[in-house]
Every structure is written in C-alpha cells, then in structure tokens.
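Participant: Turn this into a structure:
(2 chains)
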Amino acid sequence: MFRVKSEQSMPQQSSNETIIAQGVKVEGDFHSQGDVVIDGEVNGSIETTQALTIGQSARIHADVTAKSAVIAGEVKGNIHASERLELLATSVIQGDVETQNLSIATGARVNGKITMGEMEKTE
Amino acid sequence: MYCYLYDEFIQENKRYERELLDIENRLTDLGIAGKISRLALFRNAEEMIRDEIDRGVKTVVVLGNDDTVRKVLDVISESKIVLGLIPIGPKNELARLLGIPNGVAACDILSARRIEQIDVGTINGRKFITGVRVPEFKAELMCNNGKYRIVPTSRADLEIQNLADVSNPCDGMLRANIHSSIRRGWGPFARHQETQSVLPFQFLAIRSDKPISLFADGEEMQGTRFDIGVEAMMLKVITGKDRVFV
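Facilitator: Numbering: from 1, shown residues only, chains lettered A, B, ... in the order given. Sure, this is the predicted structure:
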C-alpha cells in the first residue's frame, strides 16, 4: 500500500535518455551512453551504446552508430547498428547500412550498400 | 549542535512574530533548540556561518525562504555540515521539493532528522540546488567539451534541473530541458506545437554573442558565457517524507 503511493509521487525521468525534439539542431559529434530519441536535426555524427530512435520529422546528416536503431525519418550517412536495425515505411536512407538483424518495412527507401551478419566477419 | 539562522525579513515583519514564538517553543519541547544567528543588512551570512562552524555547529537551520538558503548555500555545502529548513512566508519552492511544511510543522521534520545527500549544481562557480531557467533562449549549448553544440531553431525556453518534480537530485547529473514552440502551417491557419528536448549532462557551457539573462534558483545572472556543472552528493539536507525524490 505504502509502496504504491511512493511510486506515484515520484514520476522521475529515465536518467540517461536523451531527446532531441523538433525545433533543436545538433552540430558536431554527438555521443551518448543512454537511449537517444531524435526528432530534430543533426549534422555531424551520432554514437550511442544503447538504443536509437529517429522519428519521422528528423533530418540527419550524420554517420550513425548504435546498439539498435529504429528509423522513421531521413538519414544521409552510414548506419552501423551492432544488434538490430528497423527501417519503418517512412524512412529514407542515403548511405551504407551495416547490422546483424535488419527489418525493412514496405515503402522504406534505401540507397546504399547493405551488409548483414556477424560484425566480426564483416570487419 | 544546531544553529538557527533567522532571515532579516522575518525579524522585521510583525506578522511572523507569533509564528516565530511557536517555532521556538516547539524546538525547545523537542530538545533541539540551539544558538540563534540573525541576518542583518551589513552582516555577511557566510562569515556568520563559518564562525558557527568553527564553534562546533554541525547543523544549520535556515528560517526564511529560498533567498535565505541561497545566501548560505556555498558555505554549507563546502563545509559538509547539514542544512535544515523552517520555511516561513512565500517563495518556499525548495522546502516543498524537500517535503518540508511551512512554519511550526517543520520542527517535527527537523527532529526526525531524515538526512539525504543531494547533488549541487554550479554556474560560473556559484552553487544552486533546484535549477537554472533561461527564458527566450537564443544562445548555444556546448556539450562534451565542445565536441557538439545544440542550438534552438525556433522560439525556445531552456530549463536546467537538479532538484525538481521530475528530476532526481541524487544521480550525479543535471538535466537540460529545451521547450520549443514550433510553428506549423501558414497565415491565419498557423498553429504552434510545443516540443521538449531532454539532455542529461554533467557539464555544459552556454555561449551567446549578446548578453543574456538567466535565473539560478530564482536569482538573476547576466552574461555571455556560463559554465554549468554538477557536484555529486555535495549537500546534506534534512528532508520530509513527502519529498519529491527517492
């Protein structure tokens, strides 16, 4: 009974999640140790050791490195997802893709080389 | 050993006379009465606290509001002594976040002595507890030693949080929230959509070509360069069970 009450009174955010929303632009080498959600603009590079979500409104001109990624927006640059990459129907990729597990929805556009399998073998 | 620091405004205002008497009586009943130091126009609050620490004080209890805490925050956090609050009057947001009720009810919280260690933010060397607010933010944020920068592309407000309703002050991080207003459509059909960017960090810098105003714990600062960081677990503070963090 007391536990439920204390949980309700502390709606704290996940401490390491980064959100780049619309109306914000990132320039340079963006590096994070936590989950990243991007709906804004990024020019440079993106690197996270956790999950990356790129929303439909995002405009990315950057090389992307993540553990796993879900992409719904536009990416101009190479994508490296060490575990899993999911390209949604609205995604537009102009660059090479390298991942272990790939899911591409109908309507997604990829212009580039796709490399799949064990990362060690590809390197 | 307790030291009670009375702010100037509660001594001058007759409205608080009765409340102060009740507080002093309650502190005596609870056996935690101590020395009383009174702030005054030409008295340096930090020097007063240092003198008391030299005399062996381990807990400083501030009677006043957020402004009173700000006057002594630097010296208390550096001295590693315990901060207690008895909020009196308006502008007591910090006490609310720490779960401390106004007036005489705060004496029981002091007596229970539930001490938490929390992070303290720094801005250009000046400490803050709750956060920093930059209305109409038009500058840029330099992060990760300048490796990347963040700029708003539309009208935005910046809020940097340490102790807030949705921010944990014990994680060794600060949180920058950029509230943007995006214009959609055109002409009379245009509408505004609010978005929020969230960036956890340990150090960032605000750089601006023109001087900007910001508010650290409600106190206004002006300048073109602000370096903001966090000192983990720097402040020991007495909290109530209704505090907003774990």
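Participant: Give me the below-cutoff pLDDT ranges for chain A.
Facilitator: By pLDDT under 70, the weakly predicted segments of chain A are A:1-15, A:118-123.
Participant: dump the residue contacts of the residue positioned nearest the centre of it.
Facilitator: With distances taken as Cα atoms, centre = their mean, A:Leu52 lies nearest the centre of chain A, 2.7 Å away. For A:Leu52, the contact set (Cβ atoms under 8 Å, 6 or more residues apart in numbering or on different chains) comprises A:35-38, A:46, A:64, A:66-70, A:81. Every residue, glycine included, has its C-beta placed from N, CA and C.
Participant: most neighbours, which of these?
Facilitator: A:Ile38 (29 neighbours; other Cβ atoms under 10 Å in any protein chain shown).
Participant: That residue reaches A:Ala51, doesn't it?
Facilitator: No. Using Cβ atoms under 8 Å, A:Ile38 is not in contact with A:Ala51, being 11.6 Å away.
Participant: report the longest strand in chain B, please.
Facilitator: In chain B, taking DSSP state E as the definition, the longest strand is strand B:219-238.
Participant: other SSEs contacting that one?
Facilitator: helix B:66-79, strand B:82-87, strand B:115-123, strand B:126-128, strand B:174-184, strand B:203-216 (3 or more Cβ pairs under 8 Å, 6 or more residues apart in numbering or on different chains; DSSP states H and E).
Participant: Would you tell me which one of the ones you listed is buried the most?
Facilitator: strand B:82-87 (a mean of 25; mean count of other Cβ atoms under 10 Å in any protein chain shown).
Participant: Now do it, average pLDDT.
Facilitator: For strand B:82-87, the per-residue pLDDT values average out at 96.
Participant: That strand packs against which elements?
Facilitator: Where contact means 3+ Cβ pairs under 8 Å, 6+ apart, strand B:82-87 is packed against strand B:59-64, helix B:66-79, helix B:93-97, helix B:106-112, strand B:219-238.
Participant: I'd like the ones you listed written out as CSV, with mean pLDDT added.
Facilitator: Shown next, in CSV, are these (pLDDT from 0 to 100):
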stretch, mean pLDDT
strand B:59-64, 96
helix B:66-79, 93
helix B:93-97, 94
helix B:106-112, 96
strand B:219-238, 95
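Participant: ranking these by burial, who's on top?
Facilitator: Compared across the helices and strands packed on strand B:82-87, strand B:59-64 shows the largest average neighbour count, a mean of 25 (mean count of other Cβ under 10 Å).
Participant: quick revisit: let me have the contacts of A:Leu52 in CSV, extended by secondary structure and distance to chain B.
Facilitator: Putting the contacts of A:Leu52 into CSV (DSSP: H, G, I helix; E, B strand; the rest coil; distance: Cβ to the nearest Cβ, whole Å) gives the following:
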residue, secondary structure, distance to chain B
A:Asp35, coil, 11
A:Val36, strand, 10
A:Val37, strand, 9
A:Ile38, strand, 10
A:Ile46, strand, 9
A:Val64, strand, 14
A:Ala66, strand, 16
A:Lys67, strand, 18
A:Ser68, strand, 20
A:Ala69, strand, 19
A:Val70, strand, 18
A:Ala81, strand, 20
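Participant: Tabulate those (CSV), appending distance to B:Asp51.
Facilitator: Listed next are the contacts of A:Leu52 as CSV, based on distance: Cβ to Cβ, whole Å:
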residue, distance to B:Asp51
A:Asp35, 49
A:Val36, 50
A:Val37, 51
A:Ile38, 53
A:Ile46, 53
A:Val64, 58
A:Ala66, 55
A:Lys67, 55
A:Ser68, 58
A:Ala69, 59
A:Val70, 59
A:Ala81, 60
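Participant: of all the residues you listed, which comes closest to B:Met1?
Facilitator: A:Asp35 (46.9 Å; Cβ to Cβ).
Participant: Domain map for chain B?
Facilitator: Domain ranges of chain B: B:2-113, B:123-232, per automatic domain parsing.
Participant: got the residues of chain B near chain A?
Facilitator: For chain B, the contact set with chain A under Cβ under 8 Å from any Cβ of the partner chain comprises B:144, B:146-154, B:156, B:165-168, B:171, B:173, B:175, B:178, B:180-182, B:193, B:195-200, B:242, B:244-246.
Participant: which of those residues count as buried?
Facilitator: With neighbours counted by 16 or more other Cβ atoms under 10 Å in any protein chain shown, those contain buried members at B:144, B:148-152, B:156, B:167-168, B:171, B:173, B:175, B:178, B:180, B:182, B:195, B:197-200, B:244-245.
Participant: out of those residues, which are inside strands?
Facilitator: Using DSSP E, those in strands are B:148-152, B:156, B:175, B:178, B:180, B:182, B:195, B:197-200.
Participant: hang on, the earlier thing: between the helices and strands packed on strand B:82-87, which one is closest to B:Ile160.
Facilitator: strand B:219-238 (6.2 Å).
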